[in-house]
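Visitor: I'd like to go over a predicted model; first the sequence, then the structure.
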Amino acid sequence: MSPDAAQDVIEQRIESQWGATTPIAWPNVPFTPPATASWLKVDFIWGAGSVMTKGAGGLNAVTGVLQLAIFSPKDTGDGASDTLAETARAMVNRFRFASPNADVMFGAVSGPVKQFEESWRSVIVSAPFRVHEAVP
Amino acid sequence: MADFLGREGSLTFAAAAVSNCRVINYQTSRPKVITTVKGDRREKSRPGIPVSTITFTGLLDSVTGQLDVINDLDSATPDETLKTLVFTVATGKTWTWTSGAYVTDYRIVSPEGDASVTIEIDFALVVEATLAWV
């Protein structure tokens, strides 16, 4: 599976699993954050590829990190955003897609990393994943 | 400069590709036969009989030619037929053992963490290799 196709199936999973939990800000898509509610920001950080198996039809492994950031209004405590972060973790923690998308697999998701911005409190979880790409 | 990459290699056994290959390790050695006798002041020896083996290491996937290899050992009647094995270093550069290879053992390892399950297969080679180097 190509990285592009992998990104599509990952985005579909996030959309179906997250549902109406909060609005989602997709990569490079216009988005207006809600004034007083939480929202989810999705980013893909693609990493290196490597040759896994020999010959025609061999496999490459391409790695990446799916970054899920929960933005919440500041000065409201972390309870709600921590719960949302755990929901985000559960979507992909050690998750491997079923056939025909089994070439996409996640590892152990990080714990919640908390940051302050001018207007928002953010809690970020990072999910490493690997894509196996069959090379013609 | 002649230079070949690992990914250009492959291995077939009984004309079937043994796929998901990561490493092929071919070794031929010739043990020395010690001929030293009492009174000699330096070890003496003569060439022994060459011994050849080849080890395939790959990702376990029984739907490929790996299953045929596994069944050579793990079947009700283990297959003792000497089969043809071809080790390709790169296109046109092959070692071929015609009707001269059989499976001696295999190992499957389920590693820790996120790493893939692997299989290693050892073949004994009991005829001389025919080299092609186009």
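Guide: Looks like it came in fine.

Visitor: gap between B:Thr55 and chain A?
Guide: Going from B:Thr55 to chain A by Cβ to the nearest Cβ, to the nearest Å gives 14 Å. From N, CA and C alone the C-beta is placed, and that goes for glycine too.

Visitor: as a check, name the ranges of all strands in the chain.
Guide: The chain I'm using is chain A. Using DSSP state E, the strands assigned to chain A run over residues A:24-25, A:39-51, A:59-73, A:104-106, A:113-116, A:120-134.

Visitor: oops, chain B please
Guide: Using DSSP E, the strands of chain B run over B:10-13, B:16-17, B:21-29, B:32-34, B:45-47, B:51-59, B:83-90, B:93-109, B:118-125, B:130-133.

Visitor: and A:Trp26, which of those strands is closest to it?
Guide: strand B:51-59 (33.6 Å; Cβ to Cβ).

Visitor: so in that sheet, which strands flank that closest one, and in what orientation?
Guide: Each strand that strand B:51-59 pairs with, and the sense of that pairing, follows from DSSP bridges: strand B:21-29 (antiparallel), strand B:118-125 (antiparallel).

Visitor: export these to a markdown table and tack on mean neighbour count and mean pLDDT?
Guide: Shown next, in a markdown table, are the strands paired with strand B:51-59 (neighbours: other Cβ atoms under 10 Å in any protein chain shown; pLDDT from 0 to 100):
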| stretch | mean neighbour count | mean pLDDT |
| --- | --- | --- |
| strand B:21-29 | 16 | 97 |
| strand B:118-125 | 20 | 97 |
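
Visitor: now tabulate the strands of chain A in CSV and tack on mean neighbour count.
Guide: Formatted as CSV, those follow (neighbours: other Cβ atoms under 10 Å in any protein chain shown):
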stretch, mean neighbour count
strand A:24-25, 18
strand A:39-51, 15
strand A:59-73, 20
strand A:104-106, 21
strand A:113-116, 12
strand A:120-134, 20
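
Visitor: these: lowest mean pLDDT?
Guide: Mean pLDDT is lowest for strand A:113-116 among the strands of chain A, at a mean of 93.

Visitor: relative to B:Glu128, how far out is the nearest residue to A:Met91 once chain neighbours are set aside?
Guide: In space, not counting the residues next to it along the chain, A:Met91 is nearest to A:Gln17; the distance is 4.4 Å by Cβ to Cβ, 6 or more residues apart in numbering or on different chains. Computed with Cβ to Cβ, to the nearest Å, the distance linking A:Gln17 and B:Glu128 is 60 Å.

Visitor: how many neighbours does the closest residue to B:Thr28 other than its chain neighbours have?
Guide: On the basis of Cβ to Cβ, 6+ apart, the spatially nearest residue to B:Thr28 that is not a chain neighbour turns out to be B:Ser52, at 4.4 Å. B:Ser52 is flanked by 20 other residues according to other Cβ atoms under 10 Å in any protein chain shown.

Visitor: what's across from B:Ser52 in the sheet?
Guide: According to DSSP bridges, B:Thr28, B:Leu125 are recorded as the beta-bridge partners of B:Ser52.

Visitor: contacting residues around it?
Guide: B:Tyr26, B:Gln27, B:Thr28, B:Trp97, B:Ala124, B:Leu125, B:Val126, B:Ala129 (Cβ atoms under 8 Å, 6 or more residues apart in numbering or on different chains).
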